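> just need the structure, nothing else, for what follows:
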Amino acid sequence: MNVPNQHPDPAADWHQLRPDTLLAVEGVVGLLKQDDADAQNLLDAYLYAKRLLAESMQALARTDLPAKCATFRDLRAQLAERMAEEYGGRIPERYLTVPYGSRTHEELFATLLRRLGQPVTAALLRVVTREAVHTERRTRELRELGLDIVTSREGGNDVYTLRSLELDTTLIPTIIANNLRDRKAPGHEKAAVLAVLPTASG
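Here you go, the predicted structure:
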């Protein structure tokens, strides 16, 4: 079986995975055509094909995404700058960091950005993350950064829309409060930081 390159190259990964994926799918189809196919063999073939399909479709989806999303990184930099302007010197720097900067977050944002102003199904976002179970949670975390992402339902499907590139900086106190929690701030330090933030974030 072909194995994708360790260095990100979605096009190369797609071409490497495609032949094995095709064979796996054909194997499932072949078993489905057999009236007396063994159930366990069919299930095993399906699970193998499902895994290869997830890997292949992720690679294919990534061919439309930049290796690095400059817009995502710029928005995060803007947010970090605003946090420093508002709370620098009053709150320890370790609590003024911008979370949710993983590759998964970046690729989800890039997928939404390519369809700016248009709904993107949760199913498509799961393709980008190779069917990761927390895909929709990662997308909601982007919204926690103040990104203009809304959730709705269309045709019975959950969809996400990046409406604009405007940042809602009123969420900064909540981001800081979450940093206190995630970094397990000592009680006295937590109290001191929360005293600086607007009452609603405490």
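> need phi/psi at Glu131.
When read as degrees, to the nearest 10, the backbone of Glu131 gives phi 60, psi 30.
> so for the longest strand anywhere in the chain, what gets flagged as buried?
Under DSSP state E, the strand in the chain containing the largest number of residues is strand 157-167. Buried residues in strand 157-167, counting neighbours by 16 or more other Cβ atoms under 10 Å, are found at 158-162, 167. Heads up, the C-betas are built off the backbone N, CA and C, glycines and all.
> okay, the residues you listed in a markdown table with pLDDT next?
Formatted as a markdown table, the buried residues of strand 157-167 follow (pLDDT from 0 to 100):
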| residue | pLDDT |
| --- | --- |
| Asp158 | 93 |
| Val159 | 96 |
| Tyr160 | 97 |
| Thr161 | 98 |
| Leu162 | 98 |
| Leu167 | 96 |
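> list just the nearest of those to Thr121.
When the buried residues of strand 157-167 are compared for distance to Thr121 (Cβ to Cβ), Val159 wins out at 5.3 Å.
> can you map out the strands along the protein?
So, for the chain - with DSSP E - the strands run 119-121, 147-154, 157-167.
> dump those strands into JSON lines; add distance to Ser56 as well.
Formatted as JSON lines, the strands of the chain follow (distance: least, Cβ to Cβ, whole Å):
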{"stretch": "strand 119-121", "distance to Ser56": "19"}
{"stretch": "strand 147-154", "distance to Ser56": "26"}
{"stretch": "strand 157-167", "distance to Ser56": "22"}
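> just so I know, which of those strands lies nearest Glu81?
strand 157-167 (10.7 Å).
> residue boundaries of the helices in the chain?
10-32, 39-62, 70-87, 103-114, 122-128, 135-144, 172-182, 187-196 (DSSP state H).
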